[in-house]
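**Q** Provided below are the primary sequence and the corresponding predicted coordinates.
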Amino acid sequence: MSSSKKNLIIDHEGPFQGQKLDCLFSEQEIQARVKELADQISHDLENAKKPPILVGVLNGSLFFMADLMRAMSIETEMDFIKISSYHHTSSTGTVRLVKDISAQITDRDVLIVEDIVDTGLSINFLRNRMLSNAPHSLRVVTFLYKKEVSQLKKEPEYIGFVIPNRFVVGYGLDLDQKYRTLRDIYAFAPDNKQE
Ligand SMILES: O=P(O)(O)OC[C@H]1O[C@H](OP(=O)(O)OP(=O)(O)O)[C@H](O)[C@@H]1O
Ligand code: HPA
């Protein structure tokens, strides 16, 4: 492990208190990968008739969305959708729409921006919802992808990192609304799920 990679000890009260998390990706690794994704996506969408609309999936994608948009070399527009499906570290199996987009996406090039694809339920739900409004094109970028556990109908077009099935926090990702503002990404020990 490089010297820039630190561990994190959970300090808030509750079932996870005292647990040691491993740093999976440092801030430098994250920013380098964001730039590569931004270059690739800018290249692929440079001939769009109108600026592509980036739809950030709240809350987790907030920092990735901001970094990605600012690293892109083409003009874009932004919108947000908010869904919720997690209780502690487990998916409830049901995706709840909390806030819809406000943009008209018919005939527009749309990029859904996710922080993580885990079970895949959220992206399956979002792709169906967006496609019902007949966009010109629909792509998905996810910063993290738990490929071995996801049940996606269609793979994301752009992936930051494929990661193992470990619960992660930082760079927008939370545990019970905490740890989102960490600049690095940290992982719990494998199979550490709490209902
Ligand atoms: O592939 P899935 O198993 O559906 O999990 C991925 C989704 O779960 C998280 O959202 P969450 O519902 O926790 O809301 P949040 O972004 O506000 O944390 C994450 O931000 C993704 O949107
Ligand atoms: O591993 C995760 N961490 C935080 N939020 C999540 N939402 C789905 N999977 C995760």
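**A** The structure has been received and is ready for your questions. Ligands and ions are numbered 1, 2, ... in the order given.

**Q** C-alpha only now, for contacts and for neighbours.
**A** Fine.

**Q** show me where this structure has helices.
**A** Along the chain, the segments classed as helices by DSSP state H run 27-44, 62-71, 121-131.

**Q** report whether the second one contacts ligand 2.
**A** Which is helix 62-71. No: applying C-alpha under 6 Å from any ligand atom, one finds helix 62-71 out of contact with ligand 2, separated by at least 12.9 Å.

**Q** and the angle for that helix with helix 27-44?
**A** 50 degrees (axes from the mean of the first three to the mean of the last three C-alpha atoms, to 10 degrees).

**Q** C-alpha coordinates for helix 62-71, PDB please?
**A** The C-alpha coordinates for helix 62-71 follow below in PDB (Å, rounded to 0.1, in the frame of the first residue of the first chain):
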ATOM      1  CA  LEU A  62     -22.600  15.100  -6.100                       C
ATOM      2  CA  PHE A  63     -18.800  15.300  -6.100                       C
ATOM      3  CA  PHE A  64     -18.200  13.000  -9.100                       C
ATOM      4  CA  MET A  65     -20.700  15.000 -11.100                       C
ATOM      5  CA  ALA A  66     -19.000  18.300 -10.200                       C
ATOM      6  CA  ASP A  67     -15.500  16.900 -11.000                       C
ATOM      7  CA  LEU A  68     -16.600  15.200 -14.200                       C
ATOM      8  CA  MET A  69     -18.400  18.200 -15.700                       C
ATOM      9  CA  ARG A  70     -15.600  20.600 -14.900                       C
ATOM     10  CA  ALA A  71     -13.000  18.200 -16.500                       C
END
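
**Q** who touches that helix?
**A** Under the criterion C-alpha atoms under 8 Å, 6 or more residues apart in numbering, residues 31, 34-35, 37-39, 56, 76, 113-115, 143, 171-172 lie in contact with helix 62-71.

**Q** can you check the first one too?
**A** Surrounding helix 27-44, the residues in contact under the criterion C-alpha under 8 Å, 6+ apart are 64, 67-69, 71-74, 158-160, 183-185.

**Q** look up how far residue 189 lies from residue 50.
**A** 45 Å (C-alpha to C-alpha, to the nearest Å).
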